[in-house]
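>>> what follows is a predicted protein model with its sequence.
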Amino acid sequence: MNNRGEAIVLGAGVVGITTAWALVESGWRVRLLDGRGVAQGTSLRNGGQLSYRYVAPLADAGVPMKALRWLFQQDGPLRWRPQFDTGQWQWLGRFIARCNGRDNTLSAQRLARLGQHSRECLQRLMDEHAVQDFGWEQAGKLVVHRSADALRRAAATRDASQREWSAQRCLDEEPALQGLQGRLVGGIYSNDEAVADCHAFCTSLLSRLEAHPHFQGLVLDSVMKLERQGSRVRVHGKAAHHEADATVLATGIASVHLAAPLGLKLPLYPLKGYSLDAPIGPAHTAPRASITDFERKVLYARIGGRLRVAAMVDLVGHDEHIDQRRLASLLRVARADMPQAGDYEQAQPWAGLRPATPSGEPIVGHSGVPGLWLNVGHGALGFTFASATADVLARQMAGQPMPPALDGVSFELKGR
């Protein structure tokens, strides 16, 4: 194995940990740096779906008008708090510019290729490197529809392996949906999608990292500032300074303010999301497949003995606290639509900031600053894409060609 030098990966969420693994496997000696520990941010309790077929970006034709309607719905999936923040307005402007069919189709095609490569990379981690015990299950995925027009559009774009189910078939296959009887028109079922616990995946992969001869450890230190030092970047931590031949920024939405002093304007904005983690008891009827309510924009995933309910896109700045009104909204929806799926009285709430680009495509590659590399901007699909973007970045840092699945595709910052 080649000795490529020393690298520091900033961020120990799912993107940072998969990046550290890909780099040690490529021959780098790697330190992982995070002030909060393993997967304590957006990777802690995300939706849990590894949904490789459903990667189309949020920006699409008609979305701005839908968003206006959602803003006036009590339990709508979107909230927006206008702020005196040029970053918010610039991101919104670029997002709206991407809300057209052509850009959506092109991004969706690129992301589908990235998703397929990610599926293969994760399978290798499981098969060849014994990354296990993270609740992975090929449970299948059912997207249910309340609108006949929406179902027709979805059915027209499904591939040969997907099945269109009638409303009755949805209820027969998933008794957990009985609360929606009379409100569904049907669904699209995919049998090869999976669910897993992202936090458990990160801890499992870290245990494999700790046994790797090129891994130099997880350093618990908060990154305060990045500074150019010739061909390197100096990382000013709260406890110490850190330097290496290469530094990878994988700190989610915090990457924006860390990159800014280096002259980098990363086109990221936090899309705040919420989740509930409810225990499943003997009296409960939880879904077998992961279920996405297309109109409500709520997903339900059974992960081990718990039900994960995740939803909402709040554009409210860098505010991580749990808004009790939004939490109450998610509880109302879950109790109304799947009342017997889990013990909502004992549900653990969570809120996290998903770092999104206007296009929905992550940013992976060299930053333009000597010694600094980027793996950021995965939005709500960090768990889905992390294994692929880690592999892509490791190949770039080693000067190796892209995998055939991504030939001709670039996710670099340049031109974004």
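Received it, and whenever you're ready, just let me know what you need.
>>> if I look at residue 353, how far off is residue 145?
Residue 353 sits 29 Å away from residue 145, going by C-beta to C-beta, to the nearest Å. Every residue, glycine included, has its C-beta placed from N, CA and C.
>>> of those two, which one has the most company?
Neighbour tally, residue 353 and residue 145, criterion other C-beta atoms under 10 Å: the higher count belongs to residue 145, 25 against 22.
>>> go through stretch 193-210 and flag the buried ones.
Within stretch 193-210, the residues that count as buried by 16 or more other C-beta atoms under 10 Å are 193-202, 204-206, 208-209.
>>> sort out for me which of the residues you listed are in helices.
Among the buried residues of stretch 193-210, DSSP state H puts 198-202, 204-206, 208-209 in helices.
>>> tabulate those residues in JSON lines, adding columns for distance to residue 264 and pLDDT.
Converted to JSON lines, these look like this (distance: C-beta to C-beta, whole Å; pLDDT from 0 to 100):
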{"residue": "198", "distance to residue 264": "27", "pLDDT": "97"}
{"residue": "199", "distance to residue 264": "29", "pLDDT": "97"}
{"residue": "200", "distance to residue 264": "33", "pLDDT": "97"}
{"residue": "201", "distance to residue 264": "29", "pLDDT": "97"}
{"residue": "202", "distance to residue 264": "26", "pLDDT": "97"}
{"residue": "204", "distance to residue 264": "32", "pLDDT": "97"}
{"residue": "205", "distance to residue 264": "28", "pLDDT": "97"}
{"residue": "206", "distance to residue 264": "28", "pLDDT": "97"}
{"residue": "208", "distance to residue 264": "32", "pLDDT": "96"}
{"residue": "209", "distance to residue 264": "28", "pLDDT": "97"}
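>>> average model confidence for stretch 371-383?
Summarised as a single mean, pLDDT over stretch 371-383 is 97.
>>> quick one on the thing from earlier: nearest to residue 271 among the ones in helices among the buried residues of stretch 193-210?
Of all those, the one sitting nearest residue 271 is residue 198; the distance, using C-beta to C-beta, is 16.6 Å.
>>> as a quick check, tell me the outermost residue of this protein.
Note on the chain: the largest C-alpha distance from the chain mean falls to residue 230, namely 33.7 Å (C-alpha atoms, centre = their mean).
>>> distance of that residue relative to residue 243?
Residue 230 is 10 Å from residue 243, by C-beta to C-beta.
>>> what do you get for residue 259?
The gap separating residue 259 from residue 243 is 17 Å, by C-beta to C-beta.
>>> show me what counts as buried in stretch 209-222.
By neighbour count on 16+ other C-beta under 10 Å, the buried set for stretch 209-222 is 209, 214-216, 218-221.
>>> what about that stretch, how long is it end to end?
Terminal residues of stretch 209-222 are spaced 21 Å apart (C-alpha to C-alpha, to the nearest Å).
>>> chain center to it: distance?
Centre-to-centre, stretch 209-222 and its host chain are 23 Å apart (C-alpha atoms, centre = their mean, to the nearest Å).
>>> contacts for that stretch, please.
Applying C-beta atoms under 8 Å, 6 or more residues apart in numbering, the external contacts of stretch 209-222 come out as 1, 6, 12, 17, 20-21, 24-25, 27-38, 206, 237-240, 242.
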